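Q: can't give you the sequence, but here's the structure:
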């Protein structure tokens, strides 16, 4: 029997459509395989590019962190020198002026400012706290400013670090 005889008999139309369907299936499968290979290759390239970018950002962030820490250590050292110098001057002042006192209202107003609260009315004074000596008040104020300056230095360093991290994107 002739292999092409099927295309001439009563099932010729069905056989032709079967061959066309198989051919379409083969072409579709080939296209799908090639498309999948292309997509997989593109995905792999994209992932490699993202990994390289991540390494760049991580190295940059490490560099920025080290630079920020070095800058902070320098600033903190300068702040410490200033604080120690002022404390020496306060000690000299306290030794030279041991009897000077401030009034009790000064203490109340200073405490309110330090606590970030509204001071009581100016009517009476809080006698329980007493009037501080000028030297004690100066020592307290100096200590408070030193703490404020240390906090300010840390905040400045943190803000610089955050800005530098954002710039890496």
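A: Alright, I've got the coordinates. Quantities reported herein were computed from a predicted structural model and do not represent experimental measurements.
Q: buried residues, the helix or strand of the chain with the lowest mean pLDDT. List them.
A: The least trusted helix or strand in the chain, going by mean pLDDT, DSSP states H and E, turns out to be helix 104-115, with a mean of 80. Neighbour counts using 16 or more other Cβ atoms under 10 Å place 104, 107, 108, 110 of helix 104-115 among the buried residues. All C-beta spots, glycine's among them, are computed from the backbone N, C-alpha and C.
Q: the last one touches residue 137, doesn't it?
A: Just to be clear, that refers to residue 110. Yes. Here residue 110 reaches residue 137: they are 7.1 Å apart, a contact under Cβ atoms under 8 Å.
Q: this structure: helices as residue ranges?
A: For the chain, the helices defined by DSSP state H occupy 12-96, 104-115, 134-167.
Q: I'd like the distance from the second one to the chain centre, please.
A: By that I understand helix 104-115. With Cα atoms, centre = their mean, to the nearest Å as the basis, helix 104-115 stands 36 Å off its chain's centre.
Q: gap between stretch 112-123 and the chain center?
A: The answer for stretch 112-123 is 36 Å, by Cα atoms, centre = their mean.
Q: which outside residues touch it?
A: 105, 108, 109, 126, 144 (Cβ atoms under 8 Å, 6 or more residues apart in numbering).
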